[in-house]
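Q: what's the 3D shape of this:
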Amino acid sequence: MAATHGMIPVAGKGNSVWILKKGVDIADAITAGEDDDTNWDKAGYVSGITPVNMTKEVNTEVYLDNDDGYASKSTGMKDAGDFSFQLGYAPGQPVQKRIVDIYDVANDENEKTWFRVKSPSEVSGKFSVNMYYGPISSLGVPSSIENSTDMKRDITIAVEGRPKLAEDFLHAAPAA
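A: Here you go, the predicted model:
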């Protein structure tokens, strides 16, 4: 039986962060497939990733005449939260200059863009992909981390709308 892609947990080593290339439409990048990197710029040396924490507003409605005496609940707006990653500080890399340009909305960059996290899977050469859209809300000052000689920069994206999750791209293999 062939291995099914994205069906078992995998280690965090090998993750990478990518930024949609300037002038590329996200629909074209999605159509090209999750393993195709031609529409994306690799962000650099990733030393940490904090994925989104999606939340949903829950409203409590209390009525004295509820049949079972418990409060009723209803849901409201959903929030994708923030996506952040930490890069090894390498200001000479064109993609790191581009990150600053996106933050500053300089050099014909848009304020909001797509970011992609590629994660290894149990199938060699296959990846799971999550995509996030939004503006860079925090561009950390380069700093050194304790016990590290390398400078790091923290970047946070305020995710807008619903992320495109690996679960949206991957489907379980039909039962045999």
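Q: where does this structure dip in pLDDT?
A: Applying pLDDT under 70 to the chain picks out residues 1-12, 144-148, 171-176.
Q: Spell out, range by range, the strands that occur in it.
A: Remark: strands assigned in the chain by DSSP state E are 16-20, 40-42, 46-50, 55-61, 72-79, 82-88, 112-120, 127-139, 143-144, 151-158.
Q: Identify the single longest helix in the chain, thanks.
A: When the chain is parsed with DSSP state H, its longest helix is helix 94-104.
Q: any idea of the angle it forms with strand 16-20?
A: Counting by axes from the mean of the first three to the mean of the last three CA atoms, to 10 degrees, helix 94-104 lies at 60 degrees to strand 16-20.
Q: What helices and strands are in contact with helix 94-104?
A: strand 16-20, strand 40-42, strand 127-139 (3 or more CB pairs under 8 Å, 6 or more residues apart in numbering; DSSP states H and E). Glycine gets a C-beta too; all of them are placed from N, C-alpha and C.
Q: Throw these into TSV and include mean neighbour count and distance to residue 103, thanks.
A: Below are the helices and strands packed on helix 94-104 laid out as TSV (neighbours: other CB atoms under 10 Å; distance: least, CB to CB, whole Å):
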stretch	mean neighbour count	distance to residue 103
strand 16-20	21	12
strand 40-42	19	15
strand 127-139	19	4
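Q: Out of those strands, the one nearest residue 114 is which?
A: strand 16-20 (4.0 Å; CB to CB).
Q: which helices and strands does that closest one pack with?
A: By 3+ CB pairs under 8 Å, 6+ apart, strand 16-20 packs against strand 40-42, strand 46-50, helix 94-104, strand 112-120.
Q: Partner strands of it and their direction?
A: strand 40-42 (antiparallel), strand 112-120 (antiparallel) (DSSP bridges).
Q: Residue 79 contacts residue 134, doesn't it?
A: No - judged on CB atoms under 8 Å, residue 79 makes no contact with residue 134 at a distance of 11.4 Å.
Q: Please identify the residue most distant from the middle of this structure.
A: Most distant from the centre of the chain: residue 65, at 44.8 Å, with distances by CA atoms, centre = their mean.
Q: Give me the phi and psi angles of that residue.
A: Residue 65 adopts backbone torsions of phi -100, psi 20, taken as degrees, to the nearest 10.
Q: Please apply the same query to the one 5 residues further on.
A: The phi and psi values for residue 70, taken as degrees, to the nearest 10, are phi -100, psi 150.
Q: Look up how far residue 59 lies from it.
A: 15 Å (CB to CB, to the nearest Å).
Q: got it, and residue 48?
A: Applying CB to CB, the value for residue 48 to residue 59 is 35 Å.
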